[in-house]
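**Student:** Sequence and predicted structure are below.
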Amino acid sequence: MIALNVNGNIRKVDVSDDMPLLWILRDVLNMTGTKFGCGWGLCGACTVQIDGQPTRSCITPIAAVAGKRVTTIEAIGTTPAGKKIQQAWLALDVPQCGYCQSGQIMSASALLAANPKPSDADIDDAMAGNICRCGTYPRIRAAIKQAAGLSTADTRTLAKEAQ
């Protein structure tokens, strides 16, 4: 039996130590907001935060998260940075198909929590590896900037131009 701190709640699961966190979340705990994408940690769809750091859950064995805080998309809106990111995502209509968005939001909110006023290079670094097959990258960048309070009208214009 392994005890996990998921979204501030201690959850006990009876699984193998090497089972990936993604499958614990989705199949054991029925938390389906975290998505399966590639299974290799390359696409970012499965991103969660472990102790505030964006982490690919598809390649993270459950044993690696013992004693750490796991935050998923289901609870990210309860954090100050997560709430700002989610509000900006909605205001700028960031998602298209939406499949990658939980991973995108998890990476963006970790960035904003660590760096409240990120530069374009900071955004590029933090969001690298989060793939959006619909190409909503300009809207994602605009939403991060809006959440950070870096611009207002510019973000709406940039988001509209990306459509």
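**Tutor:** Here it is on my side, so go on. Numbers count the residues shown, from 1 in each chain.
**Student:** Which helix or strand contains residue 131?
**Tutor:** Assigned by DSSP states H and E, residue 131 falls within no helix or strand.
**Student:** In space, what's closest to it - neighbours in sequence excluded?
**Tutor:** Distance criterion Cβ to Cβ, 6 or more residues apart in numbering; nearest residue to residue 131, sequence neighbours excluded, is residue 43 at 4.6 Å. For the C-beta atoms, the positions are set from N, CA and C on the backbone; glycine is no exception.
**Student:** Contacts only, for the one you found.
**Tutor:** Contacts for residue 43 (Cβ atoms under 8 Å, 6 or more residues apart in numbering) come out as 37, 100, 103, 129-131.
**Student:** Distance check, it against residue 6.
**Tutor:** For residue 43, the distance to residue 6 equals 22 Å [Cβ to Cβ, to the nearest Å].
**Student:** and the residue nearest to residue 61 when sequence neighbours are not counted, how many residues sit next to it?
**Tutor:** Nearest in space to residue 61, with sequence neighbours left out and distances taken as Cβ to Cβ, 6+ apart, is residue 18 at 4.7 Å. Residues within reach of residue 18, counting by other Cβ atoms under 10 Å, total 9.
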